[in-house]
Every structure is written in structure tokens, then in C-alpha cells.
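# Below is the structure, and that's it, no one-letter string:
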């Protein structure tokens, strides 16, 4: 079959069918996870990463990660990060990396002192390896992904294939959510984050990936739909992901998806000619109307409770004391740790122990920025500045990657409400570093400079 339109439709149907199979036979989720790893390694090695197969497989992994977690199929806790790190490492072996990626080697080096400190500072009854890995796997995944992607030449068409790879497992997630809670009305009782509408898994992480799904299928609709059928399919999926994201009652992911879309439309408008600007203007109007429609439907399905959630009210309409679902306490404690240990911080994983000892709260950080400050001190701030400004400076000289600001925003907003529990913010951040070239053949991947 050579018709790209039909291939795409069939792949969407197959991934919906995977969700049905896993829902009926839960053990198949682990088989699915093993199959992804096996196929990914064969696919990359067989092609020697000549066409950025590493990016395709990593994109697939970061969205399938949540599906595997909610269906207990993840082989390891940090399956997504480990898989991306492995794929990226193989990609670097085959294709090398840019000499200009030294800035991310500095990022890695600055992480080391606090890792060493944690070996000596963590409590004796703490699983030191687990504590360190839980907190450092995200930055490591981000660092190696950034080294691979930094100024790597890729055509715009190939980047759209990467986005399609992101899209496929998202369909499995949406299909599974509808089977897990087919009637939203029956499971929504209050205004707290809802596990029932999130497939029985953490609403924060599910919302994060659904928000990414809103953006991914919006891109598919806007830039990858060359027929009325694809316009209808991708447009419908944008609405589906918007609805399912909203009814998780976890706000961060949905708001992030909206910001990503707004930034993309601004970039396309600014860089377009008069005709393109008119089209973007029409898209903005239609998107706004569709958004109002989805919100109205979500409000009906939740008996108006979703309105109270976004107004920070409880089911009775009383304003909640916390605007960030209690995260202010975690942020304040981590900031105080930084003030007390401004140079090297308290050590990787130590902030959770200190917070439990001082406040009695046993909770991991939800904010990667304050976690980096608390655990890595001033070195962590330097690392954050590297991550914050490098993609923006790169965008100034490479406007052809129209997704830079959207990808950058996804990373920044996600780490502020969900830290780096998922591999998604690490990989999506790295995509902002690609040197995208429109209508220019890709050069061999070993030639980066």
C-alpha cells in the first residue's frame, strides 16, 4: 500500500484496536512494551539511523509511555526515559553529534557534584540508587536527546513524520479512556483531579500527554491534511483530545496544549505572506469557535463542575485556599533548601527526605525548577539558564523550525506542574534544537557542521 493517506488511517485504526485488546486482555500491554523495544532496536540498527529513525522511535515511545503506565505494561518505572536514552545513544553512535553541542556537555558536568553529594547525604535506609535515578533520569534523558538533536539537519517533511509518530499511541490512550469511563457524567462528583476519567492513572500525567495530543493533532490538521478525509479525521481527534483532557480535571496539560497552539499560530502568522496570514486568521476564528464548543460540551457532561475547577472552586462553589493544588508548600520548602545550601544544593533525591523530616509531607517534587535549585544549588540554576535560553537563541537563526517556541513552551510549562516524571518534556525540548530545512534534501547525518 503506497497511499500515505490510507496508511495513516489504517495506523490510527490499528492503534485504537491495540487499546481494545489491552482493555480486554491486560497482560498484552507488557507484550506490547517488549515489542516496541525490540522493533525499535531492529528498525534503527537495520537502517543505521540514516533517516533519523531514532527520532521516530523516541517520539513513539514518549506518547506510548503513559498508555503503558495506565495499563501496567511498563517494563520498568522509567521505561520511557530509558528507551529514549538508549535510542539516542545508538543514534549518536551511528550519526555523531555537532561540535556545537558542547553546551549540553556542560549541562551534564554541572549535574555531577550533587549526584556525588547525594551518595553521602541520603539516609542509610534509603534506596540510594532508586532515589538518584528517579530524580536524575529526566535531566539525563533531556541532555542526551539535546546532544543528538542540536543543530541536526532535518527536512520539514521528515519532522512532520516525527509528529505523526507522536500521534499514533495517543489514539490508543484516547480509545482506552473512552472504554475505561464511557460516561463522564457517572464518574465526576467533585472538582479535584479525576482518576476515573484518566484511565485510573495519575490525572496530571494523563492531562500532560492529552494536552500534547491536542497540539499534535492540531498540527496534523493544519499542516498534514491533504484531503477532506484527513481534515475530518484530524479535526475530530483535536476535539476528542480537548474533551478528554478537560475532563481529567487536571488543568496543566490542557493549558499547555493551548499555549503551544497559540505560539504556533503566532509564528505562522508572523512568517507568512498576505495570503498565508489570511488563512491563519481564519484558522484562529475556527479554533476559537471549536474551543467554545468543546468547553460547552465538557461543562454539560460534568454538570458545570469543570467551570468551578478552572475557577479554583470546590463543588459547592467555594474558592479553594490553594491555587496550585497544594504545590505551593513543596515549592516553598525547596526554595528554602536552596537558600540554606546555595552552592551545591542538598544532593539529588535529598529534598524529599528533608521535606518529610521538617514538614511531615511525604511527596516528590512537582516542579523541576525548584527541585533543580534545591538539589543542585547554583549549579542547577546555571543548568536551567542553559536550557531556558539555548533554544530561543537558536530560533533567532533558524526560523524554519516553526515549532521551536511551542516545543520550548511544552517543556517549560510541563516541568512547572509535573516535573520530569515523563520522558515527554525531555524529548520535546530536544526537538526545538533541530535545524529544520524546508524543501532542501537532508544531508548525511554524520555531517553536522
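Everything's here; your move. The structure presented is a predicted model; accordingly, all values stated were derived computationally and were not measured. Residues are numbered from 1 along each chain as shown.
# hey, let's count contacts and neighbours off CA atoms from now on
Noted.
# Is the residue lying farthest from the centre of the chain in a helix, a strand, or coil?
No residue in the chain sits farther from the centre than residue 124, which is 34.1 Å out by Cα atoms, centre = their mean. When classified by DSSP: H, G, I helix; E, B strand; the rest coil, residue 124 comes out as coil.
# got a pLDDT number for it?
Looking at residue 124, its pLDDT stands at 71.
# Begin at 50 from now on, thanks
All right, first residue 50 from here; so that's residue 173.
# For it, give its distance to residue 382.
From residue 173 across to residue 382, the span is 22 Å (Cα to Cα, to the nearest Å).
# next one: residue 233
Counting by Cα to Cα, the separation of residue 233 from residue 382 is 36 Å.
# the strands in the protein, which residues?
Under the criterion DSSP state E, the chain contains strands at 202-204, 484-486.
# before we move on, the earlier item: from the neighbour counts alone, determine which of residue 233 and residue 382 ranks first.
residue 382 (21 against 18; other Cα atoms under 10 Å).
# Pull the contacting residues for that one.
Residues in contact with residue 382 (Cα atoms under 8 Å, 6 or more residues apart in numbering) are residue 404.
# Give the buried residues for stretch 61-72.
Buried residues in stretch 61-72, counted by 16 or more other Cα atoms under 10 Å: 61, 63, 64, 65, 66, 67, 68, 69, 71, 72.
# Identify, by residue count, the longest helix of this structure.
helix 417-446 (DSSP state H).
# what packs against that helix?
helix 151-170, helix 376-389, helix 399-408, helix 453-466 (3 or more Cα pairs under 8 Å, 6 or more residues apart in numbering; DSSP states H and E).
# tell me the angle it makes with helix 376-389.
Counting by axes from the mean of the first three to the mean of the last three Cα atoms, to 10 degrees, helix 417-446 lies at 90 degrees to helix 376-389.
# Nearest to residue 117, out of the helices and strands packed on helix 417-446?
Across the helices and strands packed on helix 417-446, residue 117 has its closest neighbour in helix 453-466 (19.8 Å, Cα to Cα).
# residues making contact with the closest one?
Residues outside helix 453-466 that contact it (Cα under 8 Å, 6+ apart) are 257, 261, 301-302, 305-306, 308-310, 312-313, 415-418, 437, 440-441, 444, 469, 474-475, 477-478, 480-482.
# likewise stretch 208-223?
The set of residues external to stretch 208-223 that reach it, using Cα under 8 Å, 6+ apart, is 60-61, 64-68, 104-106, 108-109, 111-113, 115-116, 258-259, 262, 265-266, 269, 273, 289-290, 293, 485.
# what's around the residue lying closest to residue 117 once chain neighbours are set aside, how many residues?
With sequence-adjacent residues excluded and distances taken as Cα to Cα, 6 or more residues apart in numbering, residue 117 is closest to residue 123, at 5.0 Å. Using other Cα under 10 Å, residue 123 has 22 neighbouring residues.
# Over to residue 96?
Residue 96: 12 surrounding residues under other Cα under 10 Å.
# separation between the closest residue to it other than its chain neighbours and residue 199?
Leaving out its chain neighbours, the residue that sits closest to residue 96 by Cα to Cα, 6+ apart is residue 102, at 7.6 Å. The gap separating residue 102 from residue 199 is 16 Å, by Cα to Cα.
# So for the two, which residue has more residues nearby?
Ranked by neighbour count (other Cα under 10 Å), residue 102 and residue 199 place residue 199 first, with 27 against 22.
# The more buried one against residue 476, yeah?
No: if you go by Cα atoms under 8 Å, residue 199 and residue 476 don't touch, sitting 11.9 Å apart.
# Next, the contact list for the nearest residue to residue 230 once chain neighbours are set aside, please.
Of all residues not flanking residue 230 in the chain, residue 246 sits nearest, at 5.9 Å (Cα to Cα, 6+ apart). Contact analysis of residue 246 by Cα under 8 Å, 6+ apart lists 226, 229, 230, 233, 236, 237, 252, 293, 296, 297.
# Out of those residues, which comes closest to residue 131?
Out of these, the member with the shortest distance to residue 131 (by Cα to Cα) is residue 252, at 22.6 Å.
# what's around that closest one, how many residues?
Per other Cα under 10 Å, the neighbour tally for residue 252 reads 25.
# That one and residue 118, how far apart?
Using Cα to Cα, residue 252 is found at 12 Å from residue 118.
# what do you get for residue 92?
According to Cα to Cα, residue 92 and residue 118 sit 24 Å apart.
# quick one, which of those two is more surrounded?
Ranked by neighbour count (other Cα under 10 Å), residue 92 and residue 118 place residue 118 first, with 21 against 16.
# okay, and the helix or strand of this protein with the least pLDDT?
Lowest by mean pLDDT, DSSP states H and E among the helices and strands of the chain is helix 399-408, with a mean of 82.
# for the protein, which spans come out with low pLDDT?
Counting by pLDDT under 70, the chain has low-confidence residues at 50-51, 174, 371-375, 488-498.
# List the contacts of stretch 57-64.
With contacts defined as Cα under 8 Å, 6+ apart, stretch 57-64 is touched by 217, 218, 220, 221.
# What's the end-to-end length of stretch 389-402?
15 Å.
# picking up where we left off before, for the buried residues of stretch 61-72, which one is nearest residue 339?
Using Cα to Cα, residue 61 comes nearest to residue 339 of the buried residues of stretch 61-72, at 22.5 Å.
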